[in-house]
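# got a sequence here, can you model it:
(chains A and B)
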Amino acid sequence: AQKVTQAQTEISVVEKEDVTLDCVYETRDTTYYLFWYKQPPSGELVFLIRRNSFDEQNEISGRYSWNFQKSTSSFNFTITASQVVDSAVYFCALRDFGNEKLTFGTGTRLTIIP
Amino acid sequence: DSGVTQTPKHLITATGQRVTLRCSPRSGDLSVYWYQQSLDQGLQFLIQYYNGEERAKGNILERFSAQQFPDLHSELNLSSLELGDSALYFCASSAPGGSSYNEQFFGPGTRLTVL
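Numbers count the residues shown, from 1 in each chain, chains lettered A, B, ... in the order given. Predicted structure coming up:
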């Protein structure tokens, strides 16, 4: 069965600090896809990144970076030099190959203090 | 803006009533997904349609049903509403072909309040 665990319920950091959001997943499939979504206070879900299980290369996009480690079943998300606009709830999600539904974690509420 | 539209944005109704939520996918997308976000259950997959046909079913109650029309818009019907049905309902769509690696783009959601 698929499962995504985001152990950090809430995180608060001061602006310009770096912050890492943890995501641990469980799946029996060898091919799967991992995602991060952002839900700002306005409520919509914004797609951030997709990572395929066969591609363990880490990715950087501006101040955002993602660390995928198959050995520990983790897909962590780091925001460098955080800004107030980064305040949101962040969800990690998993999708097995051939199964199109997304299984979401419970989310991490990130608050950036100015 | 993801390109997925949902109406209405807010809906307030009473227990026992029936409501219809509407979703229009991004242009060209064939798959539509419905998710429910509630405080106690989190974000949960309800159902998926692909080009008019039901493709996958999640934890969708029997009181809930959905369909996808020839123009690819979808409707989620919720009946015999209970207080616990109060939630944010999201629609998402993904690129044609149904390839499982394609990301899903979410609409702004419909906030349903059952009083």
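# could you list the buried residues of stretch A:46-59?
Using 16 or more other C-beta atoms under 10 Å in any protein chain shown as the test for burial, stretch A:46-59 gives A:47-51, A:53. All C-beta atoms are positioned from the backbone trio N, CA, C, and that covers glycine.
# go on, stretch B:59-79?
B:60, B:64, B:66, B:68, B:72, B:74-76, B:78.
# any part of it near chain A?
No: if you take C-beta under 8 Å from any C-beta of the partner chain as the test, stretch B:59-79 misses chain A, and the best it gets is 10.0 Å.
# distance between that stretch and the chain's centre?
Stretch B:59-79 has its average C-alpha position 7 Å from the chain's average C-alpha position, going by C-alpha atoms, centre = their mean, to the nearest Å.
# convert that stretch to CSV, retaining C-alpha atoms only.
Extracted in CSV, the C-alpha atoms of stretch B:59-79 (Å, rounded to 0.1, in the frame of the first residue of the first chain):
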residue,chain,number,x,y,z
ASN,B,59,-12.7,6.5,-1.2
ILE,B,60,-15.8,7.9,-2.7
LEU,B,61,-19.0,7.5,-0.8
GLU,B,62,-22.1,5.9,-2.4
ARG,B,63,-23.9,9.2,-1.9
PHE,B,64,-21.4,10.8,-4.3
SER,B,65,-21.2,10.4,-8.0
ALA,B,66,-19.4,12.0,-10.9
GLN,B,67,-19.5,12.1,-14.6
GLN,B,68,-17.5,13.5,-17.5
PHE,B,69,-19.3,15.0,-20.4
PRO,B,70,-18.4,14.9,-24.2
ASP,B,71,-16.9,18.4,-23.9
LEU,B,72,-14.7,16.9,-21.1
HIS,B,73,-16.0,19.0,-18.3
SER,B,74,-16.9,17.0,-15.2
GLU,B,75,-19.5,17.3,-12.4
LEU,B,76,-19.4,15.8,-8.9
ASN,B,77,-22.8,15.3,-7.4
LEU,B,78,-23.1,15.1,-3.6
SER,B,79,-26.4,14.0,-2.2
